[in-house]
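1. Quick one: sequence plus predicted model below, questions after.
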Amino acid sequence: MTGLQDRLTPEQVDEFGRELDALRQRIVDDLGQEDVDYIHNVIKTQRGLEVAGRALLFAGFFPPAWLAGVGALSLAKVLDNMEIGHNVMHGQYDWTRDPALSSQRFEWDNVAPAENWRHSHNYIHHTYTNILDKDRDIGYGVLRMDPAQKWHPYYLGNPAYAVALAVFFQWGVMLHDLEFDRIVKGERKWSDTTEVVRKMVKKASRQVGKDYLLFPLLTGPLAPLTFAGNATANLVRNLWSFSIIFCGHFPADVESFTEEETENESRGQWYLRQILGSANITGGPLFHVMSGNLSHQIEHHLFPDIPARRYPEIAGEVRALCEKYGLPYNTGPLHKQLWSVAKKLVKLALPWNGAPREGATVERDQELRAA
C-alpha cells in the first residue's frame, strides 16, 4: 500500500487542502433556514413515527397492527440514531444556538450515553481516523479489521464476533467507551472507569426500563407482544447502524496508517487521510436520509461538523477533486460494500492473512485471547 507521503507532492497536498477548505467555507457561509427547517422536519417525522408505533402496539393482538407498529418504531429508532442523534451530537447544528439542537445537551434513544460517545467518537475517532493504536474504532477492540493487527487464535472467531456486535450494536457502542482491552493490558485501571460506568448504568437502566418494562406494562395483557416489538425495533436499528458504519469504514481498499506516517501532518494531509480511510455507499435520497447521510462517509470524515444533508450536494465536487489529484474515491452499492466487509472479516480471521506495517503494533492482549 502506498504511504501518505507518496500520494502527492507537498505542494499538491497544500493545494488539495486549500481547495477543500474553500469548499467547506462555501457551505458554512450558505447555512441557513433551510437547514434548520430540514432537521426540525426530520425530528417531527421521527416523533410521529414513534408515537404511531407505540400506539399500534396497543393493538398488537392483530398481526398487521403489530407488524406496522414494529415497522414505524424501527424507522423512528433509525432516524433518531442516524440522521438526528449522530449528526446533532457532532455539532452540525450548534450554529443555530437552538438548545434542542445543542451537541452538548442532546441525548439519543440509545443505551450509549451521549457524553461518553462524544469523547470516543467525535474526538478520538474523528481526530485519529484509521491511525493504528490511536483510533479505537478499528475493530472496536473486538475484531481484526486490519492486517497490521497481530494475529492470535482469538481472531478465528472474527465473523462470529461481528455478527454478535451487529445484533447488539448499541451495547457494543456503549461498552466501547469502557476500553476493556486497555484495562486487560494494564494501560487503564478499573478505578479510571468509575464515572464512565456510572453514566453507562444510568443511561442503560433508563433505556431498558422504557423499552422492556414501562411500555410493555402499559399495554397490559399484550406486554409480551410489546416487549417483542420493542426488541425487534432495537434489533433492526442495531443491524442497520452496524451495516452503514462498517460499510463506511472497512471495505476493501480502505487504508489505515501508523502514528509515524501522520506525525505533524498538515491540514491537507489530514484531508488526504480522511479520503483514503473512508468509503461511500450509493443509493437514493431516502436511503441517504435513513443512513444519516453516513452513506457519504468520505464527505462526513472531511467535514464532520457540517449538516449531513449537505453531503450529497458536495459529493460530486469531492469526487472531482479526487480525480484531479489521482486519488481513489471508494464507493459502491450497499450489497457490494457489505460483501467486501464480510470477506475482510473472514480473511483476517486466518493467520496467513496479515502484513504488519513498520511502526504498527496493534494487537490484543494475550491473556484476553486465552480467556
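-> Nice, thanks for sending it over.

2. So what does residue 185 look like in phi/psi?
-> Per-residue torsions, residue 185: phi -80, psi 0 (degrees, to the nearest 10).

3. I meant residue 333, not that one.
-> Here is the backbone geometry of residue 333 (degrees, to the nearest 10): phi -70, psi 160.

4. Begin at 158, not 1, for the rest of this chat.
-> Sounds good: first residue 158 from here, last item residue 490.

5. ok, it - how many residues close by?
-> When neighbours are defined as other CB atoms under 10 Å, residue 490 has 13 of them. (Each C-beta comes from the backbone N, C-alpha and C, glycine too.)

6. in the sheet, who's paired with it?
-> Residues in a beta bridge with residue 490, per DSSP bridges, are residue 439.

7. Contacts only, for it.
-> Residue 490 makes contact with 438-440 under the criterion CB atoms under 8 Å, 6 or more residues apart in numbering.

8. biggest helix in this structure by residues?
-> In the chain, with assignment by DSSP state H, the single longest helix is helix 380-406.

9. so what does that helix touch, helix or strand wise?
-> Other elements packing on helix 380-406 under the criterion 3 or more CB pairs under 8 Å, 6 or more residues apart in numbering; DSSP states H and E are helix 190-214, helix 220-236, helix 315-324, helix 326-333, helix 372-375, strand 437-439, helix 454-459, helix 491-504.

10. Out of the ones you listed, which gets nearest to residue 293?
-> For residue 293, the closest of the helices and strands packed on helix 380-406 is helix 326-333, at 6.9 Å, according to CB to CB.

11. on contacts alone, who are the packing partners of the closest one?
-> Contacts defined by 3+ CB pairs under 8 Å, 6+ apart place helix 326-333 against helix 351-366, helix 380-406.

12. Show me the one of those that comes nearest residue 234.
-> helix 380-406 (4.0 Å).

13. Now that closest one: buried residues?
-> By neighbour count on 16 or more other CB atoms under 10 Å, the buried set for helix 380-406 is 380, 382-384, 386-387, 389-406.

14. quick one, that helix and helix 326-333 angle?
-> Put simply, helix 380-406 runs at 70 degrees to helix 326-333, going by axes from the mean of the first three to the mean of the last three CA atoms, to 10 degrees.

15. From the contact counts, what lies against the helix or strand following helix 380-406?
-> Using DSSP states H and E, the helix or strand that follows helix 380-406 in sequence is helix 424-433. Under the contact definition 3+ CB pairs under 8 Å, 6+ apart, helix 424-433 sits against helix 167-187, helix 454-459.

16. So which elements touch the longest one?
-> Meaning helix 167-187. Other helices and strands packing on helix 167-187, by 3+ CB pairs under 8 Å, 6+ apart, are helix 424-433, helix 468-481.

17. want to try a markdown table for those, with mean neighbour count, distance to residue 316 and mean pLDDT as columns?
-> Listed next are the helices and strands packed on helix 167-187 as a markdown table, based on neighbours: other CB atoms under 10 Å; distance: least, CB to CB, whole Å; pLDDT from 0 to 100:
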| stretch | mean neighbour count | distance to residue 316 | mean pLDDT |
| --- | --- | --- | --- |
| helix 424-433 | 21 | 26 | 95 |
| helix 468-481 | 16 | 31 | 97 |
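
18. who wins for proximity to residue 301 among those helices?
-> Short answer: helix 424-433, nearest of the helices and strands packed on helix 167-187 by CB to CB, at 20.0 Å.

19. Only C-alpha atoms, please: export the closest one in PDB.
-> Taking Å, rounded to 0.1, in the frame of the first residue of the first chain, the C-alpha atoms of helix 424-433 are listed here in PDB:
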ATOM      1  CA  ARG A 424      -4.400  20.200   7.100                       C
ATOM      2  CA  GLY A 425      -4.100  18.900   3.600                       C
ATOM      3  CA  GLN A 426      -2.600  15.600   4.800                       C
ATOM      4  CA  TRP A 427      -5.400  15.300   7.400                       C
ATOM      5  CA  TYR A 428      -7.900  15.600   4.500                       C
ATOM      6  CA  LEU A 429      -6.000  13.100   2.500                       C
ATOM      7  CA  ARG A 430      -6.100  10.600   5.300                       C
ATOM      8  CA  GLN A 431      -9.900  11.000   5.700                       C
ATOM      9  CA  ILE A 432     -10.400  10.200   2.000                       C
ATOM     10  CA  LEU A 433      -8.100   7.200   1.900                       C
END
